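>>> this is the structure alone, sequence omitted:
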């Protein structure tokens, strides 16, 4: 029990009085608590300031923490996504390459089916080791029935002829090499000549008759008279005619049909003499030739 | 063991040149790695080894080339021999000396191959061939050789005793 003497004076008595007063006020009905509520409102307003501040700080810290965690997660996701992106890019490149290869092979297969003479398909595996010759190495050789002087074609036209054949590979001297020569025929005028490569990387048809009506844009095809090519395979388009007064023959520069820098697969004509002639239009005509075909001279 | 390394090099150089060097060609000109290799072998190994390596690499190059004559077979060992003889008479193998040597030997090789090519077909026109093939390839070969020489010196692929005069 507590002694009355001890709480009678001083601060303790005041505190006791205050406690009783507050209790009494709290026990009053709501309608009588208006002054208390007014006081409480001001107090609540005052308390609201630090409360909001603390809440803001709390939310800030919380947000910071959450954002940190989120960033951590994002970083991990970023790494994963980057890896996925690199993988998908590789996949896209591979698929694009596969699509291109498929197109090329489909063209080659279509050509193989159109041609009526036997051919062997081959892949180019390398280029000439020196800069003096324009030749390519193909991955088929005598084991696959290839031999020297056989003609090599692509869907665009003739590419060259085999100059060396080994068991498992062969060397194809390209049409644009000055050492190569193929008998050619101007499709529109039916004039025959010899097609040779030039040092500039083009081809030239020589020994055309001086009175030939050959014009720029005429198509040159193989004549089939000699070499490993049957008649009618495209060689290229005439781009320039050289007429010299002292010469007995005409010569003309040819832009070859094939892109020699980008050849990857070829067909080797193993026997050009098995068929008498090519089926009609084995190769799609160039625009100029298409015009001429509708209006033959 | 060293001879085995040389043999491996000989077997690898020409296939690399045929299959891969097209990718680093500049304006259609690719370096002659076999020539550079033979010259470097000539600088570090004996003349006999160099001539044999030159014969092997030249032969392999001609097998895969569209040319009818065995030009590389004749030229490559000769170049190796010249490189070996030059090395024998040099006191210090500096980069300027190597650059000059490679420039000279590559130009000599290109000229010889150009002349040989004229024997089998239409003659090579001198000026277009010189500025179109010969000079660019000479520069390319020399720079490649210099890079390989610097690498050999830096990495120390060749023991110090081999760096001194024979």
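Alright, I've got the coordinates. Bear in mind that the values here come from a model prediction, so they are computed numbers and not experimental data.
>>> just the pLDDT for residue 8.
As the question left the chain open, I've gone with chain A. For residue A:8, the model assigns a pLDDT of 54.
>>> um, chain B though
79.
>>> quick check: longest helix of chain B.
Using DSSP state H to define each element, chain B has its longest helix at helix B:95-120.
>>> for the residue with the largest distance to the centre of chain B, which non-adjacent residue is spatially closest?
In chain B, the greatest distance from the average C-alpha position (Cα atoms, centre = their mean) is reached by residue B:122, at 26.0 Å. Nearest non-adjacent residue to residue B:122, counting by Cβ to Cβ, 6 or more residues apart in numbering or on different chains: residue A:178, 4.9 Å away. C-beta: built from backbone N, CA, C; applies to glycine.
>>> let me know the secondary structure of that neighbour.
Here residue A:178 is recorded as coil under DSSP: H, G, I helix; E, B strand; the rest coil.
>>> which stretches of the stretch 1-150 of chain A have low pLDDT?
A:1-9, A:30-33, A:36 (pLDDT under 70).
>>> interface residues of it facing chain B?
Residues of the stretch 1-150 of chain A lying close to chain B by Cβ under 8 Å from any Cβ of the partner chain are A:125, A:126, A:127, A:128, A:129, A:130, A:131, A:132, A:133, A:134, A:135, A:137.
>>> equivalent analysis for the stretch 151-297 of chain A, please.
Residues of the stretch 151-297 of chain A found near chain B (Cβ under 8 Å from any Cβ) are A:163-164, A:166, A:171-174, A:177-179, A:196, A:199-201.
>>> tally of neighbours for the residue nearest to residue B:122?
Residues within reach of residue A:178, counting by other Cβ atoms under 10 Å in any protein chain shown, total 23.
>>> so it touches residue B:120, yeah?
No - taking contacts as Cβ atoms under 8 Å, residue A:178 lies outside contact range of residue B:120: 9.8 Å.
>>> how about the helices in the chain?
Assuming you mean chain A. Using DSSP H, helices in chain A cover A:4-8, A:11-27, A:34-114, A:287-294.
>>> was after chain B, sorry
So, for chain B - with DSSP H - the helices run B:2-19, B:33-44, B:47-64, B:71-88, B:95-120, B:126-129, B:135-155, B:160-163.
>>> what about whatever residue of chain B ends up closest to chain A, neighbour count?
With Cβ to the nearest Cβ as the measure, residue B:66 is the residue of chain B nearest to chain A, at 2.7 Å. For residue B:66, the neighbour count with other Cβ under 10 Å is 24.
>>> ditto for residue A:177
The number of residues packed near residue A:177 is 27, by other Cβ under 10 Å.
>>> what of the one 4 residues further on?
Here the number of neighbours of residue A:181 (other Cβ under 10 Å) works out to 20.
>>> next: residue B:134.
23.
>>> my guess is it contacts residue B:108, does it?
No - using Cβ under 8 Å, residue B:134 is not in contact with residue B:108; the gap is 10.3 Å.
>>> for the residue nearest to residue B:87 when sequence neighbours are not counted, give me its contacts.
In this structure, residue B:87 finds its nearest non-sequential neighbour in residue B:43, 4.9 Å apart by Cβ to Cβ, 6+ apart. Shown in contact with residue B:43 (Cβ atoms under 8 Å, 6 or more residues apart in numbering or on different chains): B:83, B:84, B:87, B:93, B:98, B:101, B:149.
>>> Throw those into a markdown table and include neighbour count and pLDDT, thanks.
Formatted as a markdown table, the contacts of residue B:43 follow (neighbours: other Cβ atoms under 10 Å in any protein chain shown; pLDDT from 0 to 100):
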| residue | neighbour count | pLDDT |
| --- | --- | --- |
| B:83 | 28 | 88 |
| B:84 | 24 | 87 |
| B:87 | 21 | 83 |
| B:93 | 17 | 79 |
| B:98 | 24 | 88 |
| B:101 | 23 | 89 |
| B:149 | 23 | 89 |
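>>> now the two most distant members of these.
Distance extremes for the contacts of residue B:43: the farthest pair is B:84 and B:149 at 15.0 Å, using Cβ to Cβ.
>>> ok, back up a step: please work out which of the helices of chain B is packed deepest.
helix B:33-44 (a mean of 27; mean count of other Cβ atoms under 10 Å in any protein chain shown).
>>> that helix versus helix B:135-155: what angle between them?
Orientation of helix B:33-44 against helix B:135-155 (axes from the mean of the first three to the mean of the last three Cα atoms, to 10 degrees) gives an angle of 50 degrees.
>>> show me how far helix B:33-44 is from its chain's centre.
Offset of helix B:33-44 from its chain centre (Cα atoms, centre = their mean, to the nearest Å): 5 Å.
>>> and residue A:29, how close does it get to residue A:227?
According to Cβ to Cβ, to the nearest Å, residue A:29 and residue A:227 sit 122 Å apart.
>>> so these two - more neighbours on which side?
Taking other Cβ under 10 Å, residue A:29 and residue A:227 do not tie; residue A:227 has more neighbours (20 against 6).
>>> give me the phi and psi angles of the more buried one.
phi 80, psi -170 (degrees, to the nearest 10).
>>> check contacts around it.
A:149, A:151, A:161, A:182, A:183.
>>> got the confidence number for it?
Residue A:227 carries a pLDDT value of 71.
>>> from chain B, how far off is it?
16 Å (Cβ to the nearest Cβ, to the nearest Å).
>>> just to revisit the earlier point, are any of the contacts of residue A:227 buried, and which?
Using 16 or more other Cβ atoms under 10 Å in any protein chain shown as the burial test, the contacts of residue A:227 include A:151, A:161, A:182, A:183 as buried.
>>> now residue A:202: closest residue in space that isn't a chain neighbour?
residue A:253 (5.7 Å).
>>> so what sits opposite the one you found in the bridge?
residue A:204, residue A:240 (DSSP bridges).
>>> and for residue A:24, the neighbour number?
Going by other Cβ under 10 Å, the residues that sit close to residue A:24 add up to 9.
>>> now residue A:179
Residue A:179 is flanked by 20 other residues according to other Cβ under 10 Å.
>>> contacting residues for it?
Neighbours of residue A:179 in contact, by Cβ under 8 Å, 6+ apart: A:133, A:173, A:197, B:66, B:67, B:68, B:117, B:120, B:121, B:122.
>>> in CSV, list these along with distance to residue A:40.
Output for the contacts of residue A:179, formatted as CSV (distance: Cβ to Cβ, whole Å):
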residue, distance to residue A:40
A:133, 104
A:173, 105
A:197, 105
B:66, 104
B:67, 108
B:68, 112
B:117, 109
B:120, 113
B:121, 112
B:122, 112
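>>> narrow these to those in strands?
With strands taken from DSSP state E, the overlap with the contacts of residue A:179 comprises A:173, A:197.
>>> now, among the contacts of residue A:179, which is nearest to residue B:77?
Taking Cβ to Cβ as the measure, residue B:77 lies nearest residue B:67 of the contacts of residue A:179, at 17.1 Å.
>>> next, count neighbours for the residue nearest to the closest one when sequence neighbours are not counted.
Excluding the flanking residues, the one nearest residue B:67 by Cβ to Cβ, 6+ apart is residue A:133, at 4.9 Å. By other Cβ under 10 Å, 25 other residues sit near residue A:133.
>>> repeat for residue A:21
Applying other Cβ under 10 Å, we find 10 residues neighbouring residue A:21.
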